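> whatever this is, show me its structure:
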Amino acid sequence: MHDVLLGFEKFKDISLNDPFFDSLKSDYGEFAEWFQKKGDHQAYTFRDAAGLLDGFLYLKQENGPVADTIPPLRSSHRLKIGTFKINPHGTRLGERFIKRAFDVAIHLRVEALYVTIFSKHSALVDLFLRYGFVQEAVKHTDNGKELVLERRLDLVWNDVVRDYPRVPIGVGRHFILSLYPQWHSRLLPDSLLKTESSSILQDISHTNSIHKIYLAAMSGIEQLRRGDTLLIYRTADGGSAYYTSVVTSLCVVEELTNINNFATVESFLAYCAPYSIFSDSELRTFYQNKRYPWVIRFTYNLALSKRPNRKALIEQIGISANMYWGFFQISTSQLEHILQLSGDHEKTRSLVYSS
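Below is the predicted model:
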């Protein structure tokens, strides 16, 4: 496992001679010339602990139609995924890059994202299709025929994964789930507090993935169902909970199951391990003693810009100070008020939909 080193670098500071780019040079005859012209443009990069490139993502904002495809794409405010490459090594880094593209799209409030890609890159094509991208056209160049995949953010599938990062707020079921700091920051890497170091993160599946799994025993968890909104509440780690416990993240429930539904420990591990913060040995122990019977799978949709603390939740949102804060339901108006306090209400207005 390597430290997560997800950076933002200028093209001119990245070596084009890195073997990482060999496949891109092979696919695109003009890649080297294009790369050198970018100079001061920036790309998201992922480097391992030795400083070697393992991932590269270039995003470009566009307005208007896309005229060089058959058929052309209608005029829109789009985010083009210009270059997307990872060295697969079983840690779901592709999902982390997809999430970053969506994060930028939300910030820029674009109407759509699109990418051109050769069909031979089937694993990457499947990754895009999983998150609501649809083949809308093809593009012919001297390099061959590419698929043109577009994801409209103004189109609703009424499906938690294909609609990601949109949130089915209209379903009217919203809950707050508390996580201890040591679990919270490993599971939700974009929701670190300013006082936390990114060195606590690692290049492992549960850090990189859009999908998360958490085991819990709290009362009320059993009522969760697909499409419910989850606000993640990070508990205090030394200071007063009144000031240092904060809401950090907006998520959506994919599935709730019970540990007793798994006939064997192997089937339990197969379900949990790719997305869980717990080690295989911890999961085996949990399976044996059934101490945490509820298994929640959810998508990690948004890290809140500002984190309302317990004081704000009590004094401004109207949550009772005397209630059990491990897990509880809130109203749609309370959720919207929390998003207003976080500064994300305007940003998320285009992302919510009725289900």
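> any idea where the helices of the protein begin and end?
22-27, 31-38, 93-108, 122-130, 181-187, 205-208, 241-244, 265-272, 280-289, 310-315, 332-342, 345-349 (DSSP state H).
> quick one: contacts for residue 66?
72-73, 78, 114, 137, 148 (CB atoms under 8 Å, 6 or more residues apart in numbering). To be clear about C-beta, it is placed using only N, CA and C from the backbone, and glycine gets the same treatment.
> generate a PyMOL selection restricted to the buried subset of those.
This is how PyMOL selects the buried members of the contacts of residue 66, with burial counted by 16 or more other CB atoms under 10 Å:
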select buried, resi 73+78+114+137+148
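> which ones among the contacts of residue 66 are found in strands?
Among the contacts of residue 66, DSSP state E puts 73, 78, 114, 137, 148 in strands.
> okay, these in JSON lines with distance to residue 259 next?
Shown next, in JSON lines, are those (distance: CB to CB, whole Å):
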{"residue": "73", "distance to residue 259": "46"}
{"residue": "78", "distance to residue 259": "43"}
{"residue": "114", "distance to residue 259": "41"}
{"residue": "137", "distance to residue 259": "46"}
{"residue": "148", "distance to residue 259": "44"}
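> farthest pair in those?
Using CB to CB, these reach their maximum pairwise distance at 78 and 137, which is 13.0 Å.
> what are the buried residues along stretch 95-115?
Going by neighbour count (16+ other CB under 10 Å), the buried part of stretch 95-115 is 95-102, 104-106, 110-115.
> sketch out the low-pLDDT regions of this protein for me.
The chain contains residues with pLDDT under 70 at 1-6, 89-91, 170-171, 184, 186, 189-208, 347-355.
> which segments of it make up each domain?
The record's domain split for the chain, according to automatic domain parsing, is 5-152, 169-349.
> could I get those domains as a markdown table with distance to residue 160?
Shown next, in a markdown table, are the domains of the chain (distance: least, CB to CB, whole Å):
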| stretch | distance to residue 160 |
| --- | --- |
| domain 5-152 | 11 |
| domain 169-349 | 5 |
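> relative to residue 162, which of these is closest?
domain 5-152 (4.1 Å).
> so what's residue 334 closest to, chain neighbours aside?
Spatial nearest neighbour of residue 334, chain neighbours left out: residue 317 (5.3 Å); criterion: CB to CB, 6 or more residues apart in numbering.
> contacting residues for the one you found?
For residue 317, the contact set (CB under 8 Å, 6+ apart) comprises 308, 330, 334, 337-338, 341.
> same thing but 7 Å
Contact analysis of residue 317 by CB atoms under 7 Å, 6 or more residues apart in numbering lists 334, 337-338.
> check contacts around residue 81.
Residue 81 neighbours (CB under 7 Å, 6+ apart): 59, 101, 113, 115.
> beta partners of the nearest residue to the second one once chain neighbours are set aside?
Right, the one you point to is residue 101. Of all residues not flanking residue 101 in the chain, residue 81 sits nearest, at 5.7 Å (CB to CB, 6+ apart). Judged by DSSP bridges, the bridge partners of residue 81 are residue 59.
> ok, residue 81 to residue 313 distance?
37 Å (CB to CB, to the nearest Å).
> do the same with residue 23
The gap separating residue 23 from residue 313 is 49 Å, by CB to CB.
> now do the contacts for the residue of the chain most remote from its centre.
Note on the chain: the largest C-alpha distance from the chain mean falls to residue 142, namely 34.7 Å (CA atoms, centre = their mean). Taking CB under 7 Å, 6+ apart, we find residue 142 in contact with residue 29.
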